[in-house]
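S.K.: Build the 3D model from these lines:
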Amino acid sequence: MLEGEATNTAADARGTHDAAFDAPGTHDLHGTFDAVDAVGVGEGSGVPAAVDGRRPTPWPGRRLPLGARHDGTGTNFAVWAGDADAVDLCLFEDGPDGTTREIRLPLRERTFRVWHGYVPGVGPGQRYGYRVHGRWDPATGARWNPAKVLLDPYARAVDGEFVLNDAVYGHTRGRDDTVRDDRDSAAFVPKSVVVADDHDWSHDRRPKIPWAESVVYELHVKGFTARHPRIPEHVRGTYAGLAHPAAIDHLVRLGVTAVELLPIHQFVSEEHLSRAGRTNHWGYNTVGFFAPHAGYSSAGGRGGQVREFRDMVHALHEAGLEVILDVVYNHTGEGGPGGPTLCFRGLDNAGYYRLADGGRAYTDFTGCGNTLNVVQPHVLRMITDSLRYWVTEMGVDGFRFDLAAALARSTHDVDRLSPFLSVIQQDPVLSRVKLIAEPWDLGPGGYQVGAFPPLWTEWNDRYRDAVRDFWRGARPDVRDLAYRLSGSSDLYQRDDRNPYASINFVTAHDGFTMRDLVTYERKRNEDNGEDNRDGTDNNRSWNHGYEGETANIDVVSLRKRQIRNLMITLLLSTGVPMITSGDEMGRTQRGNNNAYCQDNELSWLDWSALDSPEWRPLLDLTARLIRLRRAHPVLCRRAFYSGRPAGPDGLRDLAWFTPTGREMTRKDWFAPTATLGMYLSGLDIEQRGPRGERIVDDSFLFVLHASSQPMRFTLPDEPWAHAYEVVLDTALDGDPMARYSEPVPGGAGLVLAGRSAVLLRVEHGVWAPT
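M.R.: Got it, this is the predicted structure:
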């Protein structure tokens, strides 16, 4: 079929499978819903009225762009529905008596499997959905059911709540999933909303922070502001709340350069949570890849969430902060075969999802019941259209891809030449933004840390594990730790990647907070309602002799020191550090390491720590470390260390020392030790400045000591240094800079407290005591 040609099959096809459902009339759904077939629709509906009792027919419209696009006088609707037989556009109007009226308009134009039509008079704020007709044969993957109102995959806003009711399922619940359920779902599902395209980005200035200089802060839009006392109550937990000066001031004072937002695409809660009276707090259950989650909007769901999100991005950009979205394109909120029919399953189940068992079952690389079929060209286009939309029209600066290995699979295996990775690599918009992979999924061969191509950075869980293990005393030697501290060259140096390919983190949204990491050895997830079965048991944590919170002064003091050790290690390591929201203030989840369903004070930040003498010093230390990092190129390198001097009279750019003050030998790397000295030469940085100038910086010695016993560490003498200035010492409970008033000469012994880290600045000039 040539471009512009269309098939007019809707009228005939509707009678083939759906005659019983398609009869016009009123459906009594809790007395609030009135469904009609666009006959007798009158003035004020936004839809052309019927003429002589005949059903109004949408104009042909265009197949592109997909979604609902308003042009000032009407709206073009276009949806890809694969092998469907017919598609009805459903417009929803609120009546004066509180009822909702549905107007069904068959889309009679179909071009390249896209059903489309133009409806004059329909504008922004109009709620709509689709009913799709076709075969019901789950054994072959066909699950069309026009009794179910479907979201537009390209909807830019979504309004209304998902209400758990048996009518939202395409099959009859409690029976075999091959039995179709013909009850109408309209009263129980959210609706798509037409949104105006009228935003002006001409005055927005993206911060464009280089990766090597970035410090990422992972936060939850609601959880970050829900309890903030300086934010007006009516905007707490919303996009406007995050844009409030009180929220932004904290981020700016802390010194981070980017916020990484947990999922803000429209999502729904899983069935088991809804039945238990809980909700999905994290949001990894998407049903709308173009729509900001309406639950985080203080401006309502009829398009206000789009404006509010854009205003938030503007405010963050004005403060010099980039916005990175955690996105979930690997699966959808429809779940497995027993899940609800909300969008993709009802449009073309076999087109949107990877199917198995002849089409009856779903291939599940995600652990969430389904996997989007990214090798299908239209699904791939939907994902990339969504990504470009968030960059060009919503202003975001990058993405963190949940379970990215699932997206990188071809027909089955993870493939560096997969359609998804290839398209991203060449895209003129997406190849310019920050791209972060969670480099694993749950399928065979899914663990892909270090295997993503250039342009990509990766969450480095090997960094997390090595740092946790070292500070809890579980490492027999320090080889792995040295790789992680210096940028993980063993993982990322091949394929012309850089140290900033490693997103270094100790904690994230899933798992213990940093405070809980030093307080609990066993998870405490009973409040999740799953008998403590959920969440990992591999926490790599240490409670320091007492499980849970305690008033024991010695235990509390040691735990705080260990948090300082973890924080200083994270922020001085080569790579891109990621801080989890609240770790800088001692946030606790009381041992819950999987708080995905805890939309309450367990997950929300407790801002009282800002004024607490117990935790304020940790916040000040974190901010000081970030300022130190950003001020020194030697701490945020763009290239890997070479182990060689930059010039004939220079030192190696990276050297490792034993407690005796000598360089480590091969034998030392394989010997058990809990102490390591890392020398970073600021005089031997191979990278150059923007005009080709040589970069010269301070040199530093970073000493990590994980043993419980104090140790004398001999500071390297000439040619490494004449003397050293102690910059930070985690053994100090108060000001970590208060220990030494004078430099310590090279060759002298520095006494390290048990379980402490010390950062020293190198003095290369001649030193003499005063």
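
S.K.: In three-state terms, label the spatially most central residue of the chain for me.
M.R.: Nearest to the geometric centre of the chain sits Asp326, at 1.8 Å (Cα atoms, centre = their mean). The local conformation at Asp326, judged by DSSP: H, G, I helix; E, B strand; the rest coil, is strand.

S.K.: okay but it is in contact with Leu261, surely?
M.R.: Yes. Using Cβ atoms under 8 Å, Asp326 is in contact with Leu261, at 6.2 Å. Every residue, glycine included, has its C-beta placed from N, CA and C.

S.K.: Quick check: nearest residue in space to the residue nearest to the centre of the chain, chain neighbours excluded?
M.R.: Arg400 (4.7 Å; Cβ to Cβ, 6 or more residues apart in numbering).

S.K.: bridging residues for that neighbour?
M.R.: Beta-bridge pairing for Arg400 (DSSP bridges): Asp326, Ile436.

S.K.: On the pLDDT front, check it for me.
M.R.: Here, the pLDDT recorded for Arg400 equals 98.

S.K.: any idea how far Leu407 is from it?
M.R.: Applying Cβ to Cβ, to the nearest Å, the value for Arg400 to Leu407 is 12 Å.

S.K.: now swap in Gly320 and tell me
M.R.: On the measure of Cβ to Cβ, Gly320 and Leu407 end up 31 Å apart.

S.K.: Can you pick out the residue with more neighbours from those two?
M.R.: Just comparing Gly320 and Leu407: by other Cβ atoms under 10 Å the higher neighbour count belongs to Leu407, 25 against 15.

S.K.: how many other residues sit next to the closest residue to the more buried one other than its chain neighbours?
M.R.: Nearest-residue entry for Leu407: Phe420, 4.7 Å, with adjacent residues in sequence omitted and distances by Cβ to Cβ, 6+ apart. By other Cβ under 10 Å, the residues close to Phe420 number 22.

S.K.: Leu752 too?
M.R.: Neighbour count of Leu752, defined by other Cβ under 10 Å: 22.

S.K.: which SS class is the closest residue to Arg761 other than its chain neighbours?
M.R.: Using Cβ to Cβ, 6+ apart and skipping the chain neighbours, the partner closest in space to Arg761 is Glu725 (4.4 Å). Secondary structure assignment for Glu725 (three-state DSSP): strand.

S.K.: can you pull the contacts of Glu725?
M.R.: Shown in contact with Glu725 (Cβ atoms under 8 Å, 6 or more residues apart in numbering): Tyr740, Pro743, Val744, Leu760, Arg761, Glu763.

S.K.: of all those residues, which comes closest to Arg522?
M.R.: Proximity of the contacts of Glu725 to Arg522 (Cβ to Cβ) peaks at Leu760, which lies at 37.6 Å.

S.K.: distance of the closest one from Leu572?
M.R.: 12 Å.

S.K.: intersection of neighbour lists for those two?
M.R.: Shared contacts of Leu760 and Leu572 (Cβ under 8 Å, 6+ apart): Phe702.

S.K.: Neighbour count for those two, which is higher?
M.R.: Higher neighbour count among Leu760 and Leu572: Leu760, with 26 against 22, using other Cβ under 10 Å.

S.K.: which SS class is the more buried one?
M.R.: State at Leu760, reduced to three classes by three-state DSSP: strand.

S.K.: List the contacts of it.
M.R.: Neighbour list for Leu760: Phe700, Leu701, Phe702, Val703, Leu715, Tyr724, Glu725, Val726, Val727, Val744, Leu750 [criterion: Cβ under 8 Å, 6+ apart].

S.K.: Let's see the pLDDT reported for it.
M.R.: Leu760 is given a pLDDT of 97.

S.K.: and the residue nearest to Leu407, what does it touch?
M.R.: Val374, Leu380, Ile383, Leu407, Ala408.

S.K.: got a winner among the residues you listed for most neighbours?
M.R.: Busiest of the contacts of Phe420 [other Cβ under 10 Å] is Ala408, holding 29 neighbours.

S.K.: surely it meets Pro419?
M.R.: No. Counting by Cβ under 8 Å, Pro419 is not a contact partner of Ala408; they are 9.4 Å apart.

S.K.: picking up where we left off before, relative to Gly141, which of the contacts of Phe420 is nearest.
M.R.: Val374 (16.9 Å).

S.K.: Can you mark which positions in stretch 165-183 are buried?
M.R.: Using 16 or more other Cβ atoms under 10 Å as the test for burial, stretch 165-183 gives Asn165, Ala167, Val168, Tyr169, Gly170, His171, Asp177, Arg180, Asp181, Arg183.

S.K.: could those residues go into CSV alongside distance to Leu635, pLDDT and secondary structure?
M.R.: What follows is these, written out as CSV (distance: Cβ to Cβ, whole Å; pLDDT from 0 to 100; DSSP: H, G, I helix; E, B strand; the rest coil):
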residue, distance to Leu635, pLDDT, secondary structure
Asn165, 55, 95, coil
Ala167, 58, 97, helix
Val168, 52, 97, helix
Tyr169, 54, 97, coil
Gly170, 55, 96, coil
His171, 57, 96, strand
Asp177, 56, 86, coil
Arg180, 62, 95, strand
Asp181, 60, 96, coil
Arg183, 61, 97, coil
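
S.K.: what's the closest non-adjacent residue to Tyr329?
M.R.: Spatially, and ignoring its direct neighbours in sequence, Tyr329 is nearest to Ile383 (5.0 Å; Cβ to Cβ, 6+ apart).

S.K.: What's the separation between the one you found and Leu164?
M.R.: In terms of Cβ to Cβ, Ile383 sits 28 Å off from Leu164.

S.K.: Span of stretch 653-673 from start to end?
M.R.: Stretch 653-673 stretches 23 Å from its first residue to its last (Cα to Cα, to the nearest Å).

S.K.: Let me fix that, I meant to ask about stretch 268-283.
M.R.: Using Cα to Cα, the two ends of stretch 268-283 sit 7 Å apart.

S.K.: residues making contact with that stretch?
M.R.: Residues outside stretch 268-283 that contact it (Cβ under 8 Å, 6+ apart): 162, 164, 190, 220, 222-223, 262-265, 267, 285, 287, 293, 328, 333, 335, 339-340, 342, 509-510, 528-529, 595-599, 603.

S.K.: neighbour-wise, which of the contacts of Leu760 leads?
M.R.: Tyr724 (27 neighbours).

S.K.: is Met678 in a bridge, and if so with what?
M.R.: Listed by DSSP bridges, the beta-bridge partners for Met678 are Trp656, Phe702.

S.K.: That one touches Tyr483, doesn't it?
M.R.: No. Judged on Cβ under 8 Å, Met678 makes no contact with Tyr483 at a distance of 11.6 Å.

S.K.: what about these two, which has more around it?
M.R.: Neighbours per residue, other Cβ under 10 Å: of Met678 and Tyr483, the larger number sits with Met678, 22 against 17.

S.K.: Secondary structure class of Ser422, three-state.
M.R.: Per three-state DSSP, Ser422 ends up helix.

S.K.: confidence score at it?
M.R.: Looking at Ser422, its pLDDT reads 95.

S.K.: That concludes my questions; thank you for your assistance.
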